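>>> next input, structure requested:
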Amino acid sequence: MENPPSDRQDLLLDPKADPGGAALGASGAEATVDPRWPALLRQRVARRAERSPRHRWWSLTALLAGLLSLNITFTVFVVALPTVRQDFHTNFSVLTWASTGPLLAFGLAAPFFGKAGDLFGHRRLYLFGLGGAMVSAIVTATAPDVGVLLVGRALDGVQGAATGTASMALILQLFDREERVKALGWWTLVGAGGPVLGVTLGSPVIQYLGWRDLFWGQLALLVVAALVVVLLLPARGGAGAGRGSVRGVRGVGREGREGREGREGREGREARARPAGNAWEGMDWVGSWSLAGAVTAAMLVLSIGPIDGWESAGVILCAAAAALLAGLFVWRELTFATPLIPTRYWRRRNFIFPLGMQGFSSFAYFGGFFLFPLLMEQVYGYSVSEVGFVSVARPLVFAISSPIAGYMAVRTGERFATVVGATAVLGSMLVFATLGPSSGLGIMVLALALSGLGMGVALPSTSSTMANEVAASEYGVMSAAQLMATQVGEVAGIQVVLTLQESLARHAGLENVHHSTKLLHSFQIGFWVAAFMAAAGVACATFMRPLARGGGAGAGAAVGRGRRAG
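Got it, this is the predicted structure:
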């Protein structure tokens, strides 16, 4: 059956949709170009997208396009370091800051951007991050010396904090509670699969064109991604921002009681408690910068400790600063009217334990990620190219399992998925820790696959669980908190296990020995430490509170009570 004429009209040419657009459809001598046409075009494309029943998924696609263009160079730049060292006549100890600098910048900026997104809008923050990524790509591609290069890479960490917190918060706004775990599965897919794709496509670019052309290519991707985001991402919150915030998931136990009290009413009271007028008045400056400083100081301890020694003045000063700033952060959150992370969340199992699971499991995952190549090369005698080929199994399984796990969690529940994922990471570390001198490649690939499977299954569910625990107006802060927990776990895992392995090898007089099974014991101890931390992640996952899905009268009554309470 033919659609009515009104449904067939092309909104891009319909003067009734916007009188200012009539000139776009004019012809002959009357044809003019309305200077507002870019804004009109964006409004009409966005209007048509929002009318589609799949508009949330189109918006998700736009977000993921931006994230992919950002993280596609995350790991491949390591391949270029030997060439960069020759170009700038520097050494690897200086160039390590090309990797460490973005991590530190991320830790410093994440709390601020998380709160800023809640105050000023996550869409605006996301576009700001894409713009910053363009500047970072240009600075890196044109860097005349190593100092400018490090500045460009540090800026990359700043915009990573902006886009990382904003993208997750936007997903939580767009999708209601029953579907957000699916969307977070795709978000995790891009986060894990982007670096794999970057290594696959970027290595030939570096080899045949040069490392600078890699970032010119990234700039082109960023421009395209920004245009897609501007056109498709709605300027206001999606389904999850209002209707979904009280529909779909009811907790068991205390969560159920909170549902009966009316979560929507509580969020309304929180919104009214925030300062009116200037939005900056709601910013917890002391909390943001004390938390950022504490995290950054702690990461500096882990970064410079293995180089300068754990008893060096720099390490001691950074450790003292981390402790003092952490104490200041706690005091501020307990006393400030609109704290960065409200203290009521600190007492909620479905906020604290998912956060702990992400930190502990990231410690094990990334510690093992960096320990495995050394194990393969120094103990079993594999070549660099062979190790690189085999290592892809971990992020590949991670990327493939994430969206599948997101859909499965709708049926099994987030807590079950998190426990399964954390247990898989633990199993991977145990397999690595019990390798023998004659262990084959198959058992190592199995251990790699278990690591990737564990993180891919667990992360979408932990993110969804935390989101269901916080007010919709605090999604940005929640996103920043879990990204920081993951990052601290990453840095701690990498530095601790590598330092431990190196120290044990030196103590045994094997620091200059290569391709020998005598080194196996030092690697086993490192993996046992990672396994202990993974076990802590399993414990955190076990203590999470399960979330029960369902509609019906009970859910409707809870919504009604929430509205009355508001």
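
>>> buried set for stretch 425-445?
When neighbours are counted by 16 or more other Cβ atoms under 10 Å, the buried residues of stretch 425-445 are found to be 425-433, 435, 439, 444. Just so you know, the C-beta spots here come from the backbone N, C-alpha and C atoms, and that holds for glycine as well.

>>> redo those as a markdown table? Include secondary structure, pLDDT and distance to Ala105.
Shown next, in a markdown table, are the buried residues of stretch 425-445 (DSSP: H, G, I helix; E, B strand; the rest coil; pLDDT from 0 to 100; distance: Cβ to Cβ, whole Å):
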| residue | secondary structure | pLDDT | distance to Ala105 |
| --- | --- | --- | --- |
| Val425 | helix | 95 | 27 |
| Leu426 | helix | 96 | 32 |
| Gly427 | helix | 95 | 34 |
| Ser428 | helix | 95 | 30 |
| Met429 | helix | 95 | 30 |
| Leu430 | helix | 95 | 35 |
| Val431 | helix | 94 | 35 |
| Phe432 | helix | 93 | 31 |
| Ala433 | helix | 93 | 34 |
| Leu435 | coil | 90 | 37 |
| Ser439 | coil | 85 | 40 |
| Met444 | helix | 90 | 34 |
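
>>> out of the residues you listed, who's nearest Ser203?
Distance to Ser203 across the buried residues of stretch 425-445 (Cβ to Cβ) is lowest for Met444, with 22.5 Å.

>>> show the contacting residues for that closest one.
The neighbours of Met444, taking Cβ atoms under 8 Å, 6 or more residues apart in numbering as the test, are 372, 376, 390, 432, 435.

>>> hmm, 10 Å instead?
372, 375-376, 380, 382, 390-391, 393, 431-432, 435 (Cβ atoms under 10 Å, 6 or more residues apart in numbering).

>>> picking up where we left off before, and which of the buried residues of stretch 425-445 is nearest Val286?
Relative to Val286, the closest of those is Val425; by Cβ to Cβ it sits at 35.8 Å.

>>> tell me the contacts of the closest one?
Val425 neighbours (Cβ under 10 Å, 6+ apart): 357, 360-365, 368, 450-455, 457-458, 530-531, 533-535, 537-538.

>>> how close does the nearest residue to Phe523 once chain neighbours are set aside sit to Val387?
Once flanking residues are discounted, Phe523 sits nearest to Leu375: 4.8 Å by Cβ to Cβ, 6 or more residues apart in numbering. Between Leu375 and Val387 the computed distance is 9 Å (Cβ to Cβ, to the nearest Å).

>>> neighbour count: the two, which is higher?
Using other Cβ atoms under 10 Å, the more surrounded residue of Leu375 and Val387 is Leu375, with 23 against 16.

>>> what about that one, which helix or strand?
helix 349-378 (DSSP states H and E).

>>> give the buried residues for the helix or strand following that helix.
Following helix 349-378 in sequence order, the next helix or strand is helix 384-391 (DSSP H and E). The neighbour-count check on helix 384-391 (16+ other Cβ under 10 Å) flags 387, 390-391 as buried.

>>> got a markdown table for those residues, with pLDDT too?
Output for those, formatted as a markdown table (pLDDT from 0 to 100):
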| residue | pLDDT |
| --- | --- |
| Val387 | 79 |
| Val390 | 83 |
| Ser391 | 80 |
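
>>> in JSON lines, list these along with distance to Asn350.
Shown next, in JSON lines, are those (distance: Cβ to Cβ, whole Å):
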{"residue": "Val387", "distance to Asn350": "39"}
{"residue": "Val390", "distance to Asn350": "37"}
{"residue": "Ser391", "distance to Asn350": "34"}
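
>>> nearest to Ile72 among the residues you listed?
Using Cβ to Cβ, the buried residues of helix 384-391 come closest to Ile72 at Ser391, 17.6 Å.
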